[in-house]
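Peer 1: sequence and predicted model, in that order:
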Amino acid sequence: MENNMEKLTLEDALMIENVIEKINEIIDRLDAIDKRIDAHWKFHRFLNERIEKLEGCSNSNIEEGRRVVGPTKYVRSNRM
């Protein structure tokens, strides 16, 4: 069985090593980007939960005859 593969030179091996290093750098950058994206969407989920809670407070305050002034404060409304 004849082996048609060429032997690699030292220069070829160094070039391949550099390519592998660059690929690993790209993978590390992609991992970092992936973590940033996850953190970004985690923050959006947190904000959505907070908005839903505040909307729930707002709806219950309106039903009870209170007017919402801020996210945690309310005053009694004269309208009923």
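Peer 2: Yes, it's here. What you see is a predicted model, and the numbers here were worked out from it, not measured in a lab.

Peer 1: now Glu6: how far from Asp12?
Peer 2: 9 Å (C-beta to C-beta, to the nearest Å). Where you see a C-beta, it was placed from the backbone N, CA and C, and this is true even at glycine.

Peer 1: between the two, who's got more neighbours?
Peer 2: Neighbour totals were compared for Glu6 and Asp12, and Asp12 leads with 11 against 7 (other C-beta atoms under 10 Å).

Peer 1: give me the pLDDT for that one.
Peer 2: Per-residue confidence (pLDDT) for Asp12: 93.

Peer 1: what helix or strand is it located in?
Peer 2: helix 10-63 (DSSP states H and E).

Peer 1: which strands and helices lie in contact with that helix?
Peer 2: Packing contacts for helix 10-63, counted by 3 or more C-beta pairs under 8 Å, 6 or more residues apart in numbering; DSSP states H and E, involve strand 66-68.

Peer 1: the bottom helix or strand of the protein by mean pLDDT?
Peer 2: strand 74-76 (a mean of 47; mean pLDDT, DSSP states H and E).

Peer 1: run a quick neighbour tally on Cys57.
Peer 2: Residues near Cys57, counting by other C-beta under 10 Å, number 15.

Peer 1: so what's it scoring on pLDDT?
Peer 2: 77.

Peer 1: which residues of the protein score low on pLDDT?
Peer 2: For the chain, the stretches flagged by pLDDT under 70 are 1-5, 58-80.

Peer 1: how does it look with 50?
Peer 2: Along the chain, segments meeting pLDDT under 50 span 1, 68-70, 72-75, 79-80.

Peer 1: which residues are in contact with Leu8?
Peer 2: Ile16 (C-beta atoms under 8 Å, 6 or more residues apart in numbering).

Peer 1: could you look up the SS state of it?
Peer 2: coil (DSSP: H, G, I helix; E, B strand; the rest coil).

Peer 1: phi, psi of it?
Peer 2: Leu8 adopts backbone torsions of phi -80, psi 140, taken as degrees, to the nearest 10.

Peer 1: from Ile20, how far off is it?
Peer 2: 14 Å.

Peer 1: ok, Asp12 next?
Peer 2: Separation of Asp12 from Ile20 (C-beta to C-beta) stands at 13 Å.

Peer 1: all good on my end, thank you.
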